[in-house]
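# give me a 3D structure for the following:
(2 chains)
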Amino acid sequence: MKKTKFAVFLTVMSSCAKTEKDQQKKMLHVRTDSTAQYSSVNTHSSGGHYSYIRFYSWGTYSDGVYHRVGSHSENISSKSNVFTTRGGFGRSGYSVSS
Amino acid sequence: MKRLTTMPRENWKTALEENGFLYHTLDSTYWVEGAYYSFTMEQVLVLEEATQVLYELCLAAVEHVIENKRYAEFQIPEFIIPWIEKSWEEEWPSVYGRFDFFYDGSGIPKMLEFNADTPTSLFETSVVQWFWAQEFGKADQFNSIHEKLIEYWKDAKNYLKPGKLYFTCVKDNIEDFTTVQYLKDTAIQAGIDSEFIYIDDIGFQHQGKYFCDEHNQKISNIFKLYPWEWIIHEPFAGFLPVSDTYWIEPPWKMILSNKMILVILYELFPNCPYLLAAWKDQPVGLQSYVKKPLLSREGANVEMVENLLTKAKTDGEYGEEGYIYQALAKIPNFKGNFSIVGSWVIAGESAGISIRESDTPITDNNSRFVAHVIYD
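Below is the predicted model:
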């Protein structure tokens, strides 16, 4: 929402604020335009394939289909050393989608 | 609340990808480009109030469970209970959650469940549908998630422990990875020194009794997109209470993310108009109900019964821990699209909505995301 419109909205809401319930309605959580701060995507074209480094992603996209490339940090050992053990989390599933 | 159709943008896939939304199309359509939902401001106010009220009731329900030691009904193991209670007593805060509502635009929204621990679709709700609306250009949207996340992290700086804030999820899952990186992005915008680590790269330093990153640096604060019900059954679970890492979402979310909370809520607030009757182990007096495992995900192992006849059922690997039975609220059908409203809570405040559609009354992992506008 543009800020000018947001100001109009607030004015309208303010004029209705006569009861406690209406006071609560002033809390309406519509967005201002601060997504201007949201950083843009960096793309690199290579032979018709586009790799996206936004969020440091590790996949590629071609012909509208996403292809996994692999995962990072494969050099991390899951075995114990003298003081540190790894791999004790992450064994229960491959996606948490909910 | 109306489902309307529109011409898909010519470059819609490119436009989505430029926002960092790479999973608009996976095995099947996820982002629905040629349709959207339109809400009136009055409907938005109804959803907002329901969300705010229900979140307060949920906190009261957690308090009740802790005070009355009802953990066994949630199948929560005993070793982790003192740590849950510690996190509650110390008021470890929550970042987010998503209620799933039955709502068709008329009447009162009904709470189907609360995804309190690891809700996904955050990024497409907060950013992607917002940019879609900007391009659509006709109307407003119920969506202040982005701003509220940044404000949350600014406030979080006051209670986080010294050191970086880590963000973690599983490997090789673009949806989870994007969700976590988006949250990390908002934390960075709030000025928090943030780092990413895959969950299976987390180490435990036995001498110092702390969790550590790949470089053996102590992890003092961590946001995890990984369910508590998985974590507490994994090899490192026993180290959780002895380390002093600050976990987000907090351990007390183990109570809220369990379907048993639906039973507790109905027991405590039977006259609340937003709640459906819910019982544990058997459908007391219900002829039409939905049977749900305490801990299922993506609509798995759910059975929908209408007038004592099974109308829909999904497979899965959940249910060992028991079931709850919730009175049936028939999901609205918009021309073959069964829709539920996801209502987001950020830092305890109602912050916006997302719509997911399915071909069946049970919303599963093949559900589709549809944007919305407020259009009086």
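
# before we move on, which element is residue B:148 in?
Per DSSP states H and E: residue B:148 is located in helix B:145-156.

# wait, residue B:8 sits on residue B:33?
Yes - using C-beta atoms under 8 Å, residue B:8 makes contact with residue B:33 at a distance of 4.2 Å. In this view, the C-beta of every residue, glycine as well, is placed from N, C-alpha and C.

# look at these two and report which has more neighbours.
The neighbour count for residue B:8 versus residue B:33, taken as other C-beta atoms under 10 Å in any protein chain shown, is higher for residue B:33 (19 against 12).

# for chain A, see how far away that one is.
12 Å (C-beta to the nearest C-beta, to the nearest Å).

# helix, strand, or coil at that residue?
coil (DSSP: H, G, I helix; E, B strand; the rest coil).

# what residues does the stretch 51-200 of chain B have near chain A?
B:52, B:115, B:118-120, B:127, B:130-131, B:140-148, B:150, B:169-178, B:181-182, B:185, B:189, B:196-200 (C-beta under 8 Å from any C-beta of the partner chain).

# typo on my end, it should be the stretch 251-376 of chain B
B:297-298, B:349-352, B:365, B:374.

# those residues in helices, which ones?
In this view, these have no member that belongs to helices under DSSP state H.

# what's the first-to-last distance across stretch B:352-363?
Distance across stretch B:352-363, first residue to last, is 20 Å (C-alpha to C-alpha, to the nearest Å).

# report the rounded mean pLDDT for that stretch.
Stretch B:352-363 comes out with an average pLDDT of 90.

# return the distance of it from the chain's centre.
13 Å (C-alpha atoms, centre = their mean, to the nearest Å).

# and it, what's buried?
B:352-358, B:360-363 (16 or more other C-beta atoms under 10 Å in any protein chain shown).

# across the sheet, point out what pairs with the closest residue to residue B:248 other than its chain neighbours.
The shortest distance from residue B:248 to any non-neighbouring residue, by C-beta to C-beta, 6 or more residues apart in numbering or on different chains, is to residue B:223 (4.4 Å). With DSSP bridges applied, residue B:223 shows beta-bridge pairing to residue B:167, residue B:248.

# could you check the pLDDT of residue B:223?
For residue B:223, the model assigns a pLDDT of 98.

# give me the distance between it and residue B:71.
Using C-beta to C-beta, to the nearest Å, residue B:223 is found at 25 Å from residue B:71.

# cool, and residue B:139?
46 Å.

# the two: which is more packed in?
Neighbours were counted for residue B:139 and for residue B:71 using other C-beta under 10 Å; residue B:71 has more, 20 against 15.

# which SS class is the residue positioned nearest the centre of chain B?
In chain B, the centroid-proximal residue (C-alpha atoms, centre = their mean) is residue B:119; its distance is 2.6 Å. Judged by three-state DSSP, the three-state class of residue B:119 is coil.

# beta-bridge partners for the residue nearest to it when sequence neighbours are not counted, please?
Spatial nearest neighbour of residue B:119, chain neighbours left out: residue B:98 (3.8 Å); criterion: C-beta to C-beta, 6+ apart. Beta bridges link residue B:98 to residue B:115, residue B:344 when assigned by DSSP bridges.
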